[in-house]
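Novice: Fold the following for me, if possible:
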Amino acid sequence: MEKLVELKDIKAFHRKKQILNGVNIDVQKGEFVYLIGKTGSGKSSILKVLYKEMDIAEGEGEIVGLNLNKLKYSKVHKLRRQLGIIFQDFQLLPDRSVLDNLMFTMEATGWKDKKAMKSHADLTLEQVNLQNIGDKYPHQLSGGQQQKVAIARAMINSPKVILADEPTGNLDPESSQEIMNLLSAISKGGTAIIMATHDMDIVKRYPGRVLKCEEGVISEVQLEKHE
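Specialist: Model prediction:
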């Protein structure tokens, strides 16, 4: 199997407060990994380290073949091209249509050919069951639809890894289920998914590896699955 993520003895600080205290993780191609734990336990910080929003103070980190310790901020776009990132609050650009939201991400990651971009964006929207809404604006969509657009944006460059921070946190149960079905299908296609969540119901219903964050340290846990 191809190892896509490796963190070894990672320590990280936020405003001089230690947030991560010796985190070890490795994730293979196509794995679905949950990060669970209370607010403030370090779940989001691990994701921030992985997409280079937070610096590693000690230890070693690698993701999609890039060394996080040595990666300069001027080269972070190289990393972001190979990652998809999904947030709880969608983070869509409110003044742009759905299609333009996707095109904006593509431009930022080096796409040039407008015709190819539009065609690829349309195809990606189809993959998340959102045909024919490219001209709508985020405020015209339901929360579930906005999160699907966010997933389409995360998928746009066929990333090897998707990082999802509480992607169902603002959604009703039916929309959450749709989002989880989508993410499960994406991971079965070979993309590794690392998802921070509070929702233990989802964790039990959709199988994956479960890593528990507690006081900045991680341990693997086994959960009984729902029938």
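
Novice: what sits against the residue nearest the centre of the chain?
Specialist: Centroid check for the chain by CA atoms, centre = their mean gives Leu163 as the closest residue, at 1.9 Å. Leu163 makes contact with Leu47, Leu50, Tyr51, Leu83, Gly84, Ile85, Ile86, Ile194, Met195 under the criterion CB atoms under 8 Å, 6 or more residues apart in numbering. For glycine as for every other residue, the C-beta is placed from the backbone atoms N, C-alpha and C.

Novice: Nearest to Leu141 among these?
Specialist: Checking those against Leu141 by CB to CB gives Ile86 as the nearest, at 15.4 Å.

Novice: Now intersect the contacts of Leu163 with the strands, please.
Specialist: In this view, these that belong to strands under DSSP state E are Leu83, Gly84, Ile85, Ile86, Ile194, Met195.

Novice: export those to CSV and tack on pLDDT?
Specialist: Formatted as CSV, those follow (pLDDT from 0 to 100):
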residue, pLDDT
Leu83, 94
Gly84, 94
Ile85, 94
Ile86, 95
Ile194, 97
Met195, 97
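
Novice: tell me which of those is nearest to Met106?
Specialist: Closest approach between these and Met106, by CB to CB: Gly84, at 12.7 Å.

Novice: element containing the closest residue to Ile63 other than its chain neighbours, please.
Specialist: Among residues not flanking Ile63 along the chain, Val5 sits closest, at 5.0 Å (CB to CB, 6 or more residues apart in numbering). For Val5, the host element (DSSP states H and E) is strand 3-14.

Novice: Counting neighbours, which bits of that strand end up buried?
Specialist: Within strand 3-14, the residues scored as buried using 16 or more other CB atoms under 10 Å are Leu4, Val5, Leu7, Ile10, Ala12, Phe13.

Novice: What mean pLDDT does that strand get?
Specialist: Across strand 3-14, the average pLDDT comes to 94.

Novice: And that strand, what does it pack against?
Specialist: strand 17-28, helix 43-50, strand 58-63, strand 192-196 (3 or more CB pairs under 8 Å, 6 or more residues apart in numbering; DSSP states H and E).

Novice: What strands flank the last one, and is each parallel or antiparallel?
Specialist: So the one you mean is strand 192-196. When pairing is defined by DSSP bridges, strand 192-196 lines up against strand 32-36 (parallel), strand 161-165 (parallel).

Novice: Could you look up the next helix or strand downstream of that strand?
Specialist: helix 200-205.

Novice: what's the angle from the helix or strand that that following helix is followed by to strand 17-28?
Specialist: Downstream of helix 200-205, the next assigned helix or strand under DSSP H and E is strand 209-214. Angle, strand 209-214 to strand 17-28, by axes from the mean of the first three to the mean of the last three CA atoms, to 10 degrees: 170 degrees.

Novice: residues of strand 209-214 that come out buried?
Specialist: Within strand 209-214, judged by 16+ other CB under 10 Å, the buried ones are Arg209, Val210, Leu211, Lys212, Cys213.
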